[in-house]
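> Just need the structure, nothing else, for what follows:
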Amino acid sequence: MYKNLAGSAVAALAAACFLSPSFSQPKPAADPLKIGFVYVAPITDAGWVRQHEEGRKAVEAALPGKVKTTFVENVPEGADAERVIRDLAQQGNKLIFTPSFGYMEPTLKVARDFPDVKFESITGYKAAPNVATANARYYQGRYLAGVAAGRMTKTHIAGYVAGFAIPEVLQGINAFTLGMRSVDPQAQVKVVWLDAWFDPPKERDAAMTLFNQGVDVIAFHTGSTAVMAAAQERGKMAVAYHSDMRKVAPDAQIVAVTHQWGAYYTQRAQAVLDGSWKATSVWGGVKEGMIRVGDFGPKVPKAVQEEVLARQQDIASGKLQVFRAVEDVRDNEGKLAIAKGTSLRDDQILTMNWLAEGVQGRIAR
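Residues are numbered from 1 along each chain as shown. Presented below is the predicted three-dimensional model:
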């Protein structure tokens, strides 16, 4: 009897295998998620684009075999950006990162035509059902860099080479000035506007002009290493932005404000893979690991390094808020900007349109 039962089971299994190929054939592996990245400048050894390129590489390293990434570099904002973003969508990329403020509108336009594609507008603020937004609280790092600059300056005059007068840049200038004046109340910050994100010759010329005006430490919000190289050449001090730039300015760099995109990009790619992606809005900073200050240069005393790192911990814990006023904060035209004992709300920070007391310059409109 048992033999007959066994024989019947074998026969049934054989029939099932014959009738249902899934029993005998492995399930085909899913195609990797195609991800596109658009870069506003060329990929260089350091800078804005370099940090996003490192983020792309981090995604590939974290999700081997599950993703296939591609990028297009040196894409101007505007019509060219729309063409490139559209082309990436047409090529089958199901997740597209567009990390530049001027890519926001082209991203939204293309997204309307490709509802099955997920888009990540990095530094943009307008969302859609298939467009998420993300940015970092760069101003937190700027404040900390200002503390370092305030401790290191001898002339009490810092320079700031700025791209465009958008809120993100104004936040940085004001935070840097507040950080600097928290340790050097006499400090002044001279601003030069470029109306460009990436123009190494103009960045260098602006830095040299500022050095000729008594500036001994300089910061910048542009895309290349030109300001750092100028500081190294002139024997001045500089704050690196986006990346550690000690290779370019080994003596000039006092500190670097670096942006860390790898964890965020990997998280968003994984969300597409597992079907949990939503059009979120993220604004992370020191606490979230998106902004980090460190990479001190050889001129910076240990005590200054420790002070800056301690304040970084205070920001991470919430003990220190950059735009919370211990005393009245006024703009550089004398108007009250932040009343004593109050803090700016996120919406006020995101729409900032003033320059702090101590900043020599006007908003280029």
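> which SS state does Arg50 fall under?
Here Arg50 takes the helix state, with states given by DSSP: H, G, I helix; E, B strand; the rest coil.
> Tell me if I'm right that it and Ile43 touch.
Yes: using CB atoms under 8 Å, Arg50 is in contact with Ile43, at 6.5 Å. Every residue, glycine included, has its C-beta placed from N, CA and C.
> Which one's more surrounded, those two?
Arg50 (21 against 14; other CB atoms under 10 Å).
> where's that one relative to Met245, distance?
Relative to Met245, Arg50 is positioned 10 Å away (CB to CB, to the nearest Å).
> Ok, Gly262 next?
19 Å.
> how about low-confidence regions in the chain?
1-29, 364-365 (pLDDT under 70).
> Closest to the mean position in it, which residue would that be?
With distances taken as CA atoms, centre = their mean, the chain has His259 as the residue nearest its mean C-alpha position (4.9 Å).
> Burial check on the nearest residue to that residue once chain neighbours are set aside, number of neighbours?
Distances taken as CB to CB, 6 or more residues apart in numbering put Gln51 closest to His259, at 4.6 Å, once the chain neighbours are dropped. Close neighbours of Gln51, defined as other CB under 10 Å, add up to 19.
> From what I see, Gln51 and Ala240 are in contact.
No: applying CB under 8 Å, one finds Gln51 not in contact with Ala240, separated by 11.5 Å.
> between those two, what contacts are shared?
Both Gln51 and Ala240 are contacted by Thr258, under the criterion CB atoms under 8 Å, 6 or more residues apart in numbering.
> List the contacts of the closest residue to Val217 other than its chain neighbours.
Distances taken as CB to CB, 6+ apart place Met237 nearest to Val217, at 4.2 Å, with adjacent residues excluded. Going by CB under 8 Å, 6+ apart, Met237 touches Ala149, Met152, Thr153, Asp216, Val217, Ile218, Ala231, Ala252, Gln253, Ile254, Gly297, Lys299.
> hang on, the earlier thing: which of Gly262 and Met245 has more neighbours?
A count of neighbours by other CB under 10 Å puts Met245 above the other of Gly262 and Met245, at 29 against 18.
> So that one, which state does it fall into?
Assignment for Met245 (three-state DSSP): coil.
> hmm, back to that, identify, from the contacts of Met237, the entry nearest to Gln270.
Using CB to CB, Gln253 is the member of the contacts of Met237 that lies nearest Gln270, at 34.6 Å.
> Wait, the closest one touches Ser243, no?
No: applying CB under 8 Å as the test, Gln253 and Ser243 come out as separate, 10.7 Å apart.
> okay, and the common contacts of the two?
Here Gln253 and Ser243 share no contacting residue, scored by CB under 8 Å, 6+ apart.
> For the stretch 201-350 of the chain, just list every one of the helices.
226-234, 262-274, 302-317, 346-350 (DSSP state H, counting those that start in this stretch).
> among those helices, which is nearest Val72?
Judging the helices of the stretch 201-350 of the chain by CB to CB, what sits closest to Val72 is helix 262-274, at 16.2 Å.
> Which positions in the closest one come out as buried?
By neighbour count on 16 or more other CB atoms under 10 Å, the buried set for helix 262-274 is Gly262, Ala263, Tyr264, Tyr265, Thr266, Arg268, Ala269, Gln270, Ala271, Val272, Leu273.
> Over to stretch 339-351?
Buried, per 16+ other CB under 10 Å, within stretch 339-351: Leu344, Ile349.
> Endpoint to endpoint, that stretch covers what distance?
17 Å (CA to CA, to the nearest Å).
> Enumerate every residue touching the closest residue to Val293 other than its chain neighbours.
Nearest residue to Val293, sequence neighbours excluded (CB to CB, 6+ apart): Leu144, at 4.4 Å. By CB under 8 Å, 6+ apart, Leu144 lies in contact with Gly179, Val255, Val257, Val293, Val308, Arg311, Gln312, Ile315.
> Nearest to Asp87 among those?
Nearest to Asp87 among the contacts of Leu144, with distances taken as CB to CB, is Val257, at 33.2 Å.
> Tell me, how many residues neighbour the nearest residue in space to the closest one that is not next to it in sequence?
Once flanking residues are discounted, Val257 sits nearest to Gly141: 3.5 Å by CB to CB, 6+ apart. Look at Gly141: counted by other CB under 10 Å, it has 31 neighbours.
> Confirm that Gly141 sits in a helix.
Yes: looking at Gly141 with three-state DSSP, it is inside a helix.
> dump the residue contacts of it.
Shown in contact with Gly141 (CB under 8 Å, 6+ apart): Val257, Thr258, Val286, Ile291, Arg292, Val293.
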